[in-house]
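Peer 1: Okay, sequence plus prediction incoming.
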Amino acid sequence: MSKKSFRQAINEALRQEMRRDPTVILMGEDVAGGRGGSAGTADAWGGVLGVTKGLYEEFGETRVLDTPITEASYIGAAAGAAVTGLRPVAELMFVDFVGCCLDQIMNQAAKFRYMFGGKARTPLVIRAMYGAGFNAAAQHSQALYPLFTHIPGLKVVIPSSPYEAKGLLISAIRDDDPVIFLENKVMYDVEEDVPDEPYAIPLGEANLTREGDDVTIVAFGRMVGMANEAADRLAKKGISCTVIDPRTTSPLDSETILECVADTGRLVIVDESSPRCNMATDIAALVAEEAFDALRAPIRRVVPPHTPVPFATVLETLYMPSVEKIEAAVTATMNHRVTEKV
Amino acid sequence: MTPDITPITMPKFGLAMTEGKIAGWLVEPGTEVTTGEELVDIETSKITNTFESPVAGLLRRHVAANGEMLPVGALIGIVADAAVADADIEAFITRFQADFAASSDTPDGAEAADEPVMIQVGNHSLRVHDRGAGDGTPLVLIHGFGGDLKNWMLNHAALAHGRRVIAFDLPGHGGSSKDVGPGTLAFFADVTAQLLAHLDLPRVHVMGHSLGGGIALTLARTQPAKVASLTLIAPAGLGPQINMDFITGFIEADRVRSVQDVLKYLVHDKALIGRRMADDVLRYKRLDGAEAALRKVAEACFPGGKQGDDLRPVIAGADMPVTLIWGQADEILPVAQADGLPGSVTRHILPAIGHMPQLEIASAVNNVVEAFIGHEVATA
């Protein structure tokens, strides 16, 4: 056990699975680090933010493949490799680029198992960075996990910490279905204790990072840390919160969410993706349909406005959910009083 | 500190505890409390435990409210004589909080060093937590099947006054390496002996729980000169029966809910088994090789769903003092296995307590152990 950053945890998961299973390969733009680029130096980058650094050196060019800048070709190649016996981990870089290869994901990889009568396995992992807070502007800052969650046949993982990232990525690589693994780029330097040994966190089971009696907060990825901080602040005011990190949006651990809402009677959902048809609306609908009678106050969502992510720092900060906004939403739901109709 | 004002601070129940939540005050301000009286329930990430008053006096303030999460050492209440003015108490609280905030900003000191370390013993990498010092014969703690050194979280520090107390993760468990050899009690006893040799401990008191009790007895059989005394908590090896629903359930459980369900077999008060506790157990169960190791141990020690080792003759022939602690409501190993032992074995049968009395009724167990190895053994 030692302190590892989010970036190191992901790198270690890739390295350990590549050592364990020779069919695991990496492919993507610059994952081998600039080979073929202007520098021509192998392993110089290790991915655009250095996550795969050192893997080319250990596993060589047959297992760490730099690809041309054409997402449609290499995501398609990765899907094909997966159905023919390899376990590719393809790096899409910024998730915003998914528009270039959505057909390979949505109409091909996601549907192979279903369309081939359950006989096709597609052990494909697509890693991508998501999220605002990096001043990367509108085309490099989106949180598109609702888009993938919408597509049947895909598993969608959003780790919230280094420990979670390593265990969930190992599970994703060992999974026989296509998995979209989304890494918040603002979190790469976050550190915590992570076991040195390989370990697998099952996909589809939520994690309760705080347990409380008054309000249930559901948060995703980077938002989990904010929700925890808000819960800690609220505890000092006598409001105790349960914080749920679903870990995966598909499958979604609906059971845990409903149980917690049944206990607390109040729900706040924190989602940094665009507000229409996002995870917050999905979970709000789930709870409204399955646990309406348990609610003691309206469900509240802490979400960005329906606009592209701004580039300007001030506007980007305003755009994002924050600890303060979560705290305010929880306080508002606690203060809600049901008015009886006369 | 002002002599008439006693701060009540957030306790540290175990190694991993850095903060605790006030789950509920049991005593209202204005009440006279006695030393040892149950004062407040503290919830940690692993367990909710009742904190007993360290002093006698008038509880003047709840500084921390129900539901509040605070770091270990933070001020949670004030005990002070009725003659102390409210203004003096306010000043004391202000001063304490300022000092505490300042000390929290300083780099970790000796406290940070009080951590388990990894030790290479033969082919095994063992996680070992070595605490305390003094002239007393050291005490070694051996946990049970599926457990780890944190099973002693409410005992380890309490017993480490005047002696070294060493807890470790058995191979295949916790943070230790996952090679369990043949998975037998003899194998684990041999690893324990190797650890003692590595730590240069020629003779120790040994306390073992469940499977760890069987290991302690096996060590007493194979290396009697090393064992000054045996404290056995619901030990394996005294009868064939064992609850295999727990053993197989624990091996197979890979989700919080399923782990939580099987952990409930361990205690009489099921409310003690929280989701966070189950999650903590899962962190070790998820490590590659852990499940296979547990399966091998179960096959070696419980073939055909029965305990394979009969260690009653070891107790009957033991030259060292032996004391036995067993929960009357044990759902893993029936308490009847404590019957029919030699009169020299002191028995403590605890009513309404399950398989883990060291967790469920920690203070009482600590008192028994302290009295046994601190006094009775010393004068034996």
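Peer 2: Right, received. Where do you want to start?
Peer 1: Up against chain B, what does the stretch 1-150 of chain A have?
Peer 2: Residues of the stretch 1-150 of chain A lying near chain B by CB under 8 Å from any CB of the partner chain: A:M1. Heads up, the C-betas are built off the backbone N, CA and C, glycines and all.
Peer 1: And the residue of the stretch 1-150 of chain A closest to chain B?
Peer 2: A:M1 (6.2 Å; CB to the nearest CB).
Peer 1: which residues touch that residue?
Peer 2: A:193-196, B:175 (CB atoms under 8 Å, 6 or more residues apart in numbering or on different chains).
Peer 1: State whether A:K4 is indeed within a strand.
Peer 2: Yes. Applying DSSP: H, G, I helix; E, B strand; the rest coil, one finds A:K4 inside a strand.
Peer 1: What about it, how many residues nearby?
Peer 2: 22 (other CB atoms under 10 Å in any protein chain shown).
Peer 1: Verify the contact between it and A:E164 for me.
Peer 2: No. The pair formed by A:K4 and A:E164 falls short of the contact definition of CB atoms under 8 Å, at 11.9 Å.
Peer 1: where does the stretch 201-350 of chain B dip in pLDDT?
Peer 2: Applying pLDDT under 70 to the stretch 201-350 of chain B flags no residue at all.
Peer 1: at 90 what do you get?
Peer 2: Residues of the stretch 201-350 of chain B meeting the criterion pLDDT under 90: B:271-277, B:318.
Peer 1: element containing B:P202, please.
Peer 2: B:P202 is part of no helix or strand, with elements assigned from DSSP states H and E.
Peer 1: List the contacts of it.
Peer 2: B:196, B:225-226.
Peer 1: And it, how far from chain A?
Peer 2: Separation of B:P202 from chain A (CB to the nearest CB, to the nearest Å): 31 Å.
Peer 1: most surrounded residue in the contacts of A:M1?
Peer 2: That'd be A:V194 among the contacts of A:M1, by other CB under 10 Å, with 24 neighbours.
Peer 1: bridging residues for that one?
Peer 2: Beta-bridge pairing for A:V194 (DSSP bridges): A:S2.
Peer 1: B:E43 too?
Peer 2: With DSSP bridges as the rule, B:E43 is bridged to B:K21, B:T48.
Peer 1: what's the pLDDT at the spatially most central residue of chain B?
Peer 2: Residue closest to the mean C-alpha point of chain B, counted by CA atoms, centre = their mean, is B:W152 at 1.6 Å. pLDDT recorded at B:W152 is 95.
Peer 1: roughly how far apart are it and B:G212?
Peer 2: In this view, B:W152 and B:G212 are 10 Å apart by CB to CB, to the nearest Å.
Peer 1: list residues touching both of those two?
Peer 2: Residues touching both B:W152 and B:G212 (CB under 8 Å, 6+ apart): B:141, B:143.
Peer 1: hang on, B:S363 is in a strand, isn't it?
Peer 2: No. Counting by three-state DSSP, B:S363 is not found in a strand; it is helix.
Peer 1: Can you give me the neighbour number for the nearest residue to it once chain neighbours are set aside?
Peer 2: The shortest distance from B:S363 to any non-neighbouring residue, by CB to CB, 6 or more residues apart in numbering or on different chains, is to B:E52 (7.2 Å). By the measure other CB under 10 Å, the count of residues near B:E52 is 16.
Peer 1: Same check on B:P182?
Peer 2: B:P182 has 11 nearby residues by other CB under 10 Å.
Peer 1: Could you report the pLDDT at B:A364?
Peer 2: pLDDT at B:A364 comes out at 92.
Peer 1: I'd guessed it sits against B:A352; true?
Peer 2: No. Taking contacts as CB under 8 Å, B:A364 lies outside contact range of B:A352: 11.8 Å.
Peer 1: Looking at these two, which has the bigger crowd around it?
Peer 2: B:A364 (15 against 11).
Peer 1: The more buried one and chain A: what is the separation?
Peer 2: 28 Å.
Peer 1: which one is that residue nearest to, not counting chain neighbours?
Peer 2: Nearest non-adjacent residue to B:A364, counting by CB to CB, 6+ apart: B:L350, 7.0 Å away.
Peer 1: Just list the residues touching the one you found, thanks.
Peer 2: B:325-328, B:357, B:361, B:364.
Peer 1: domain ranges for chain A?
Peer 2: A:2-194, A:207-335 (the TED database).
Peer 1: how about those domains in a markdown table, adding mean pLDDT?
Peer 2: Converted to a markdown table, those look like this (pLDDT from 0 to 100):
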| stretch | mean pLDDT |
| --- | --- |
| domain A:2-194 | 93 |
| domain A:207-335 | 96 |
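Peer 1: got CSV for those, with distance to B:V345 too?
Peer 2: Formatted as CSV, those follow (distance: least, CB to CB, whole Å):
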stretch, distance to B:V345
domain A:2-194, 42
domain A:207-335, 42
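Peer 1: In the chain, what residue spans correspond to helices?
Peer 2: With no chain named, the answer covers chain A. Applying DSSP state H to chain A gives helices spanning A:6-20, A:55-59, A:71-83, A:102, A:112-115, A:145-149, A:162-174, A:222-236, A:254-264, A:279-290, A:313-319, A:323-335.
Peer 1: should've been chain B
Peer 2: All helices of chain B, identified by DSSP H, fall at B:86-104, B:110-113, B:156-159, B:185-198, B:211-222, B:244-252, B:256-263, B:275-285, B:290-301, B:312-316, B:357-360, B:362-371, B:377-379.
Peer 1: Point out the most buried one among those helices.
Peer 2: helix B:211-222 (a mean of 27; mean count of other CB atoms under 10 Å in any protein chain shown).
Peer 1: can you tell me how far the residue nearest to the centre of chain B sits from B:L232?
Peer 2: In terms of CB to CB, B:W152 sits 14 Å off from B:L232.
Peer 1: if we take the contacts of A:M1, which one ends up nearest to B:D309?
Peer 2: Using CB to CB, B:G175 comes nearest to B:D309 of the contacts of A:M1, at 26.3 Å.
Peer 1: Just the pLDDT for the closest one.
Peer 2: Looking at B:G175, the pLDDT reads 93.
Peer 1: who's in contact with it?
Peer 2: Contacts of B:G175 (CB under 8 Å, 6+ apart): A:1, A:195, B:116, B:118, B:127, B:148, B:169, B:284.
Peer 1: can you check A:L168 too?
Peer 2: Residues in contact with A:L168 (CB under 8 Å, 6+ apart) are A:157, A:159, A:181, A:201, A:203, A:247-248.
Peer 1: at 6 Å what do you get?
Peer 2: A:157, A:159, A:201 (CB atoms under 6 Å, 6 or more residues apart in numbering or on different chains).
Peer 1: Around B:P54, how many other residues sit close by?
Peer 2: The burial count for B:P54: 15, using other CB under 10 Å.
Peer 1: Sort out which residues of stretch A:307-318 are buried, please.
Peer 2: A:309-310, A:316 (16 or more other CB atoms under 10 Å in any protein chain shown).
Peer 1: Apologies, that question was intended for stretch B:198-211.
Peer 2: Those would be B:199, B:204-211, for stretch B:198-211 by 16+ other CB under 10 Å.
Peer 1: and which of these is nearest to chain A?
Peer 2: Nearest to chain A among the buried residues of stretch B:198-211, with distances taken as CB to the nearest CB, is B:L199, at 21.1 Å.
Peer 1: May I have the beta-bridge partners of the nearest residue to that closest one once chain neighbours are set aside?
Peer 2: Take B:L199 and drop its neighbours on the chain: the residue closest to it by CB to CB, 6+ apart is B:I166, 6.9 Å away. Judged by DSSP bridges, the bridge partners of B:I166 are B:D130, B:V140.
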